[in-house]
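# following is a predicted model, sequence given first.
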Amino acid sequence: MTILKFSGEVAGFYQRYRRGYPAEVLDALVAEFGLTAEDVALDLGCGTGQLTLPLAGRTRAVVGMDPEPDMLAQARKAATGITNATWLVGADTDVPALEALLGKEKLGVVTIGQALHWMDRDTLFPALRSLVRPGGGVAVITNGAPMWQHDSPWSKALREYLSGWLGKPLVRTFGAEQEEQDRYRASLEAAGFTAGETVVEYEDEIDFDHVIGAVYSATPEDLLPKPHERAEFEKRLSVAVSPHAPFVEPVRVRILTARRG
């Protein structure tokens, strides 16, 4: 399997341009798992902390865990003034080791935001079940489809431009398709969880700078346009999408919850 690296500059773009989570998402997690100020949360595949940091405000402590040190370095910068967030380098394959680290402590929730497509869910979910308290559980959160996968004219133009630039069609949806969601649910239920779903929908209008930044944040480091190439890359992208402004994105946040009985 090809290992894609989201490090270096990409981590900076990720921290600045990746969409955060509305308060309704955090409210849904609190309601579903009965989270209180005594709970500890784990945000697995946390990236630069878009979900970790809001969780810190709803729990006693939160651990953001990610395999990419550059992502965690950006998360630490963003966490200025937040004293109950801890950052840990690790992947889904490191989750079983957390049981020894936690001891008798059980987690209120494990969140996986827009990252499960990188993980071995059939091994991960049984390991997570032993880490969460009764009534707690796992939340797989899909933070909308990629901006180039919508039906709007500007999204179609973006998709066409990026497909031409990469020399291949853009087909990955990062877990947003119903078929992928169904597979996630089946794996969670097979691990002994009771699954449910909450959906939060809204529209977000972004500017061209954010279009560019979001593209860069989703591009592996070795595919990122070189600094001397970016002015031309961005000029051509602007020609393709700017006639279709404003750039309004429909955002459908799907929260697949899995509660331990």
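Now that the structure is in, tell me what you want to look at.
# state the distance from Gly49 to Gly64.
5 Å (Cβ to Cβ, to the nearest Å). Bear in mind the C-beta positions are built from the backbone N, C-alpha and C, glycine included.
# tell me the SS of Asp209?
Secondary structure, DSSP: H, G, I helix; E, B strand; the rest coil: Asp209 is helix.
# given the host helix or strand of Val109, what are its sheet partners and their directions?
Per DSSP states H and E, Val109 falls inside strand 107-113. Applying DSSP bridges, strand 107-113 is found paired with strand 40-44 (parallel), strand 132-143 (parallel).
# residues making contact with that strand?
21, 29, 33-36, 39-47, 50-51, 55, 59, 119, 128, 131-133, 136-141, 143 (Cβ atoms under 8 Å, 6 or more residues apart in numbering).
# ChimeraX command for the buried members of the residues you listed?
Of those, the buried ones go into a single ChimeraX selection, burial set by 16 or more other Cβ atoms under 10 Å:
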select :21,29,33,35,39,40,41,42,43,44,45,46,47,50,51,55,59,119,128,131,132,133,136,137,138,139,140,141,143
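# rewinding a little: what do Gly49 and Gly64 both touch?
With Cβ under 8 Å, 6+ apart as the test, Gly49 and Gly64 both reach 43, 75, 85.
# the last one: neighbouring residues, count only.
Using other Cβ atoms under 10 Å, Ala85 has 23 other residues around it.
# low-confidence stretches in the stretch 151-261 of the chain?
171-176 (pLDDT under 70).
# quick one, strands of it?
194-206, 247-259 (DSSP state E, counting those that start in this stretch).
# and those strands, which is most packed in?
Among the strands of the stretch 151-261 of the chain, the stretch with the highest mean neighbour count (mean count of other Cβ atoms under 10 Å) is strand 247-259, at a mean of 20.
# check contacts around the closest residue in space to Gly20 that isn't next to it in sequence.
Excluding the flanking residues, the one nearest Gly20 by Cβ to Cβ, 6 or more residues apart in numbering is Gln50, at 4.8 Å. Residues in contact with Gln50 (Cβ under 8 Å, 6+ apart) are 18-21, 113.
# who wins for most neighbours among these?
Neighbour max across the contacts of Gln50 (other Cβ under 10 Å) = Gly113, 26 neighbours.
# against Leu55, how distant is it?
For Gly113 relative to Leu55 (Cβ to Cβ), the value is 10 Å.
# repeat that for Arg236.
39 Å.
# again, but for Lys156
Counting by Cβ to Cβ - Lys156 and Leu55 are separated by 35 Å.
# what do Gly113 and Leu55 both touch?
Contact criterion Cβ under 8 Å, 6+ apart; residues shared by Gly113 and Leu55: Asp43.
# in this structure Thr48 contacts Gln15, no?
Yes: counting by Cβ atoms under 8 Å, Thr48 touches Gln15, with 3.8 Å between them.
# now the helices: where do they sit in the stretch 1-150 of the chain?
9-17, 23-33, 52-56, 69-78, 95-102, 121-129 (DSSP state H, counting those that start in this stretch).
# Trp91 against Cys46, yeah?
To be clear, residue 91 is Ala; Trp isn't right here. No: here Ala91 lies out of contact with Cys46, judged by Cβ under 8 Å, at a distance of 11.5 Å.
# where in the stretch 1-150 of the chain is pLDDT low?
In the stretch 1-150 of the chain, residues with pLDDT under 70: 1-4.
# and Asp182, how many neighbours does it have?
11.
# that one and Gly90, how far apart?
Taking Cβ to Cβ, one finds Asp182 at 28 Å from Gly90.
# also Leu44?
In terms of Cβ to Cβ, Leu44 sits 9 Å off from Gly90.
# next, show the common contact partners of these two.
Here Leu44 and Gly90 share the contacting residues Met65, scored by Cβ under 8 Å, 6+ apart.
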